[in-house]
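1. based on what follows, work out the 3D shape:
(one chain, ligands or ions: 1)
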Amino acid sequence: MVVALASQKSIYNSTNETVSLPQLSVTNLWWLANRQNILENISFSIEPGEFVGLLGPNGAGKSSLLRCIYRYIEPSKGQIEYSGKSIWQISQQEYAKQLAVVLQETPSHFNLSVSDVVSLGLLPNTSIWHRTSEKEKYLVEQAIEKVSMSEKKCQAFEQLSGGEKQRVLIARAIVQQPQLLIMDEPTSHLDIKYQIQIIELAKSLGITVLASFHDLNLASVFCDRLLVLNQGRLVANGTPNDVIDCALLHEVFGVNSDIKPHPQNKAPHITYFYSEKEQGDE
Ligand SMILES: Nc1ncnc2c1ncn2[C@@H]1O[C@H](COP(=O)(O)OP(=O)(O)OP(=O)(O)O)[C@@H](O)[C@H]1O
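-> Model (predicted):
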């Protein structure tokens, strides 16, 4: 038996014991486009509250996998379950309440101010005719402050820099108060200070996060677990310590590297070699 969606964290097994459900599980997922396998037989699950990084070189299939999970594309085969239920059996409105998505391309929000865009995060939990309450206005203000955009809250969203737009979209996701946050390269337009700020912010929400990264060191320091895609296949799934090693980096990303513990939290920290020199060469 599966309990109601908003609290779907557990089920009862045959001996009536409560067993924990993964927040998200992907099983034998395939996606074909133009008769080509873009995603091949991918399986993994994510527990509630986990912060999971999705890694892989350009074209590995990261965005395609995330698009399947947020229902932008329908997989060719396989299952995606949210709290034990197929995502295709959950109503669009209910799924929108559970899940917020921050993408690398910023959508056009013509004539909307920063505050307006952040307020859009209220929509999945209200109706279009709903009058914004004082509490909701406060939530919006707070989210804008958290991403350090208070000074520009009245400015047109379209006039912002790429990094500022990204921060506003994170604030919109915060306002939505989702259980699962999906971010496709959330730090791609951000300078290093805001990269760290945004990831720390996402972590501080205490919700389940699945985010794709190109910066492997950032992912290593902040993620509980890493999934590595290569040519549409899941080639590694484990803690940063389990996953990040020189052989994998060479095989998947084609780089030579040296790995040492980060001085702050001992997570693997990669130093790349910039020449064609093989490791160990003088
Ligand atoms: N709608 C589509 N039709 C055909 N091919 C597609 C489609 N969407 C993605 N692809 C192909 O699937 C592959 C994986 O693309 P995807 O965007 O998922 O990779 P990615 O890992 O997110 O890459 P990047 O790091 O460059 O953003 C690419 O070769 C891409 O050209």
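2. from the ligand, how far out is Ile192?
-> 20 Å (Cβ to the nearest ligand atom, to the nearest Å). All C-beta spots, glycine's among them, are computed from the backbone N, C-alpha and C.
3. do you know the pLDDT at that residue?
-> We have a pLDDT of 91 for Ile192.
4. again with Tyr70
-> 95.
5. give me the phi and psi for the closest residue in space to Glu50 that isn't next to it in sequence.
-> Residue nearest to Glu50 in three dimensions, not counting chain neighbours: Asp224, with 5.1 Å by Cβ to Cβ, 6 or more residues apart in numbering. With angles defined as degrees, to the nearest 10, Asp224 sits at phi -70, psi -40.
6. would you confirm that Asp224 contacts Gly238?
-> No: with contacts counted by Cβ atoms under 8 Å, Asp224 stays clear of Gly238, the gap being 10.3 Å.
7. residue ranges with poor pLDDT in the stretch 1-150 of the chain?
-> 1-21, 106-107, 109, 127-129 (pLDDT under 70).
8. got the residues of it near the ligand?
-> Residues of the stretch 1-150 of the chain lying close to the ligand (Cβ under 6 Å from any ligand atom) are Ala33, Asn34, Ile38, Gly56, Asn58, Gly59, Ala60, Gly61, Lys62, Ser63, Ser64.
9. got the end-to-end distance for stretch 93-110?
-> Counting by Cα to Cα, to the nearest Å, you get 24 Å between the two ends of stretch 93-110.
10. and it, which residues are buried?
-> Using 16 or more other Cβ atoms under 10 Å as the test for burial, stretch 93-110 gives Tyr95, Ala96, Lys97, Gln98, Leu99, Ala100, Val101, Val102, Leu103, Thr106, His109.
11. contacts for that stretch?
-> Here stretch 93-110 makes contact (Cβ atoms under 8 Å, 6 or more residues apart in numbering) with 5-6, 63, 66, 70-71, 82, 87, 90, 116-117, 121, 124-125, 157-158, 162, 165-166, 169-170, 172-173, 176, 178-186, 188-189.
12. and if you look at stretch 47-57?
-> 9, 20, 22-23, 46, 62, 65-66, 179, 202-203, 206-213, 216, 219, 222-230, 252-254.
13. okay, buried residues for it please.
-> Applying 16+ other Cβ under 10 Å to stretch 47-57 flags Glu47, Pro48, Glu50, Phe51, Val52, Gly53, Leu54, Leu55, Gly56 as buried.
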